[in-house]
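Chemist: A predicted structure for the sequence below; I have some questions about it.
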Amino acid sequence: MTQQKGISGSAVPPVVKLTWSDELGKRVREGDWQDQAVSTTTKIQEAIAANQWELAAQLVDYWMEEAKVVHVIYQIWTDGFLAHLREQGVPEDELSEELTRLRTLLAFPDGRPFEASGPWKELAVQAGLLGNSIRGYEISAEQALADLDALREYWRQIHDRGADFQAGLLSFVARKFGEDRVVDAYARVLEPYLDERYGPFDIRQRAYEDTLYRNLYLSFEAMRGHLVGPLRNGDMEVDEYHDRFVISFDPCGSGGRQNRGDPIEQTPSRAEEPYEFTVLQKEHDWAWNEKGVCVYCAHCCFALEYWPAKHWGHPLRVIDSPLYPNETSGPEPKKCTWTIYKSLDAIPAEAYERLGMTKPR
């Protein structure tokens, strides 16, 4: 692949545009919703193939912004869940023993016990070197693609262990206090975070339809950062209907992968040994009133449906999370789907009823 070195921009249209969104107060990718379903990993590959080197470099930096969304969330949750356990009176030595067990259980392939901060800094160095090497034409296209895949793989390792660590902490809550008390941990930890991330969806302040772009964009951005999809690069599917958008993950890179098991590292479902993370055995309003919801996946119901419906009268996204084990195993395990309705009227009554609520008039 021949490099065309230039310092004055590209003479051809870019494969994707990065711009600033006043609506979101952050940098975003332009493009219709079908294009948003394409991972930023793929867009970097396309930019390199099109000899759009400066764009590829900027996309590497933006790729890290997507990863940051997930990384920061997991750090907030970790601090919050640990604070909650201490507030519930769990002795420090017992908590330390459980943390050591989880970090060892979730060790990296090279044997290092899991912790997020150090690897995140290492990931940042890799991304910075890759972006600057691309920007300065100091790397071949073939090597840039190989380094991009190495960057994606290292983030997958960090991300997946971060997600599993949250499931491990929540499973500890369930074992210690019973699965009914998991909602207390979610309420303690997620409510301040939800006020910041989802406060703009409060229909007392702003019409539902005016938040549709924000709802969709944040969904695509977050799930690209979660590295959804069979190739674990962030690609997903989206279908638009007259009243809704349906985004599909095969699998989701966090709870969906936990339920199915990890074919990359050849590890089993996180509901099985040696993990044995909690799968809810009872029906709860905050987990769709269904049995077989993994304790991690329940946060999607709490954060995106149950809590918003209680506070604002409507769910943000209506989620169909595959149930363990019937829908998460076999040759064709079920995809997870997020449905975002175009209007309040379009949200069906069933979306409220499965939360133990009634659709407002």
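Modeler: Alright, I've got the coordinates.
Chemist: residue closest to the middle of the chain?
Modeler: Among the residues of the chain, the one closest to the centroid is residue 226, at 3.9 Å (CA atoms, centre = their mean).
Chemist: I'd like the distance between it and residue 39.
Modeler: According to CB to CB, to the nearest Å, residue 226 stands 10 Å off from residue 39. C-betas here are computed from N, CA, C, even on glycine.
Chemist: Identify the contacts common to those two.
Modeler: residue 234 (CB atoms under 8 Å, 6 or more residues apart in numbering).
Chemist: could you pull out the helices for the stretch 251-361 of the chain?
Modeler: 255-260, 298-301, 307-312, 349-353 (DSSP state H, counting those that start in this stretch).
Chemist: mind listing what's buried in the shortest one?
Modeler: Think helix 298-301. Neighbour counts using 16 or more other CB atoms under 10 Å place 298-301 of helix 298-301 among the buried residues.
Chemist: Quick check: of those residues, which lies closest to residue 149?
Modeler: residue 300 (28.8 Å; CB to CB).
Chemist: Hmm, that closest one is touching residue 255, no?
Modeler: Yes. Residue 300 is within contact range of residue 255, at 7.3 Å (criterion: CB atoms under 8 Å).
Chemist: where do the contact lists of the two overlap?
Modeler: In contact with both residue 300 and residue 255: residue 321, using CB under 8 Å, 6+ apart.
Chemist: Out of the buried residues of helix 298-301, the closest to residue 331 would be?
Modeler: In terms of CB to CB, no member of those lies closer to residue 331 than residue 300, at 25.2 Å.
Chemist: Could you tell me how far the closest one is located from residue 222?
Modeler: 11 Å.
Chemist: Equivalent analysis for residue 116, please.
Modeler: Noted for residue 116: a distance of 17 Å to residue 222, by CB to CB.
Chemist: Okay, strands next: where are they in the stretch 101-250 of the chain?
Modeler: 237-240, 244-249 (DSSP state E, counting those that start in this stretch).
Chemist: Report the strands that pair with the shortest one, each with its relative direction.
Modeler: Here the strand partners of strand 237-240, with direction, are listed using DSSP bridges: strand 244-249 (antiparallel).
Chemist: Can you tell me, leaving aside adjacent residues, what's nearest to residue 86?
Modeler: residue 95 (7.0 Å; CB to CB, 6 or more residues apart in numbering).
Chemist: Run through the protein and note the low-pLDDT ranges.
Modeler: 1-4, 6-9 (pLDDT under 70).
Chemist: Could you rerun that using 80?
Modeler: Along the chain, segments meeting pLDDT under 80 span 1-11, 192-193, 195-197.
Chemist: Check the offset of the lengthiest helix in it from the chain's centre.
Modeler: Secondary structure of the chain per DSSP state H: the longest helix is helix 141-177. Chain-centre distance of helix 141-177: 11 Å, with CA atoms, centre = their mean, to the nearest Å.
Chemist: Does anything pack onto that helix? Which helices or strands?
Modeler: helix 40-49, helix 53-87, helix 92-105, helix 117-135, helix 182-198, helix 255-260 (3 or more CB pairs under 8 Å, 6 or more residues apart in numbering; DSSP states H and E).
Chemist: Thank you, goodbye.
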